[in-house]
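A.B. asks: missing the sequence, but the structure's below:
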């Protein structure tokens with residue numbers, strides 16, 4: 001793996017630059033970071049790995065315009081260990097992609113949607129300029145672990161484009177929510193909730209791929225009846241922990257749940273998908289994407305049946 005040195009950043013103290021430091025990530029630190037994320041972000045690591053592989057294969061078909069099904073297989077190798085494989089018929093990665101993406105931590109080919117951002121790319125999209133220098137504008141906010149100040153910088157940067165609009169609910173995208181869950185940086189989630197109420201007179205909403213964990217963390221932090229937008233479909237697509245764990249959260253009736261990705265990435269027929277979600281108690285709203293006005297009317301009609 002290639003670990004590149006980051007740009008140098010000025011350390012500020014009492015408004016004056018005192019020294020220049022090189023921000024870097026060595027191999028040992030990168031391994032620790034990846035272990036933290038993989039251990040804490042997903043309650044079902046094996047299931048999440050399988051879903052990620054299948055999701056990547058489907059994405060490659062979608063980009064290449066391929067309508068063949070992907071091939072999923074499970075077998076045993078010579079050492080009698082299980083081997084899981086996913087085969088797709090997309091365009092694949094060229095040599096430059098392997099060099100510049102696969103061989104570097106945090107890189108990704110998926111940059112154009114809220115569910116397809118790299119870890120550091122997600123943070124960068126919410127903070128103008130370099131992630132380190134932006135955080136340092138708050139007077140060593142980042143390096144001193146001043147979570148409240150760092151979160152305020154991120155929120156204000158994102159909210160600039162909504163000046164003059166009524167924003168009763170402000171959502172934290174899943175790429176940030178789930179990253180904070182994985183790092184166990186729960187105070188930043190609580191800070192987000194408190195700050196949007198104080199400065200923007202809005203409720204906090206959280207988008208996640210791990211409803212069971214986020215729900216527990218928010219309730220433990222004193223956030224009552226939280227607004228959570230999460231994947232909800234009968235196939236368990238992008239639902240860390242599986243459908244039973246998600247349905248158990250609904251049974252507690254102490255959160256406002258918005259269901260998204262109800263079609264399971266295209267695996268589930270619209271009528272079947274909507275019947276499942278409509279049959280669940282505690283789903284307050286459904287979020288879906290559509291390609292045309294006709295498609296929107298058809299989907300809304302199915303929801304209201």
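C.D. replies: Good, I have the coordinates. Please read these numbers as outputs of a predicted model, since none were measured by experiment.
A.B. asks: could you use CA atoms for every contact and neighbour count after this?
C.D. replies: Noted.
A.B. asks: the helices in the protein, which residues?
C.D. replies: Ranges of helices in the chain, per DSSP state H, are 27-41, 45-64, 95-97, 119-126, 131-136, 147-159, 174-182, 186-200, 211-220, 243-252, 270-278, 293-304.
A.B. asks: can I get the ones you listed in JSON lines including mean neighbour count?
C.D. replies: Listed next are the helices of the chain as JSON lines, based on neighbours: other CA atoms under 10 Å:
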{"stretch": "helix 27-41", "mean neighbour count": "14"}
{"stretch": "helix 45-64", "mean neighbour count": "16"}
{"stretch": "helix 95-97", "mean neighbour count": "11"}
{"stretch": "helix 119-126", "mean neighbour count": "17"}
{"stretch": "helix 131-136", "mean neighbour count": "19"}
{"stretch": "helix 147-159", "mean neighbour count": "18"}
{"stretch": "helix 174-182", "mean neighbour count": "21"}
{"stretch": "helix 186-200", "mean neighbour count": "18"}
{"stretch": "helix 211-220", "mean neighbour count": "19"}
{"stretch": "helix 243-252", "mean neighbour count": "15"}
{"stretch": "helix 270-278", "mean neighbour count": "17"}
{"stretch": "helix 293-304", "mean neighbour count": "12"}
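A.B. asks: the ones you listed: lowest mean pLDDT?
C.D. replies: Here these differ in mean pLDDT, and the lowest is helix 131-136 at a mean of 42.
A.B. asks: so can I have TSV of the helices of the chain showing distance to residue 167?
C.D. replies: Shown next, in TSV, are the helices of the chain (distance: least, CA to CA, whole Å):
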stretch	distance to residue 167
helix 27-41	29
helix 45-64	32
helix 95-97	39
helix 119-126	18
helix 131-136	25
helix 147-159	10
helix 174-182	19
helix 186-200	8
helix 211-220	21
helix 243-252	26
helix 270-278	27
helix 293-304	23
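A.B. asks: ok, residue 219 - contacts?
C.D. replies: By CA atoms under 8 Å, 6 or more residues apart in numbering, the contact set of residue 219 is residue 226.
A.B. asks: and what of residue 265?
C.D. replies: 55, 237.
A.B. asks: please tell me how far it sits from residue 53.
C.D. replies: Distance of residue 265 to residue 53, computed by CA to CA, to the nearest Å: 13 Å.
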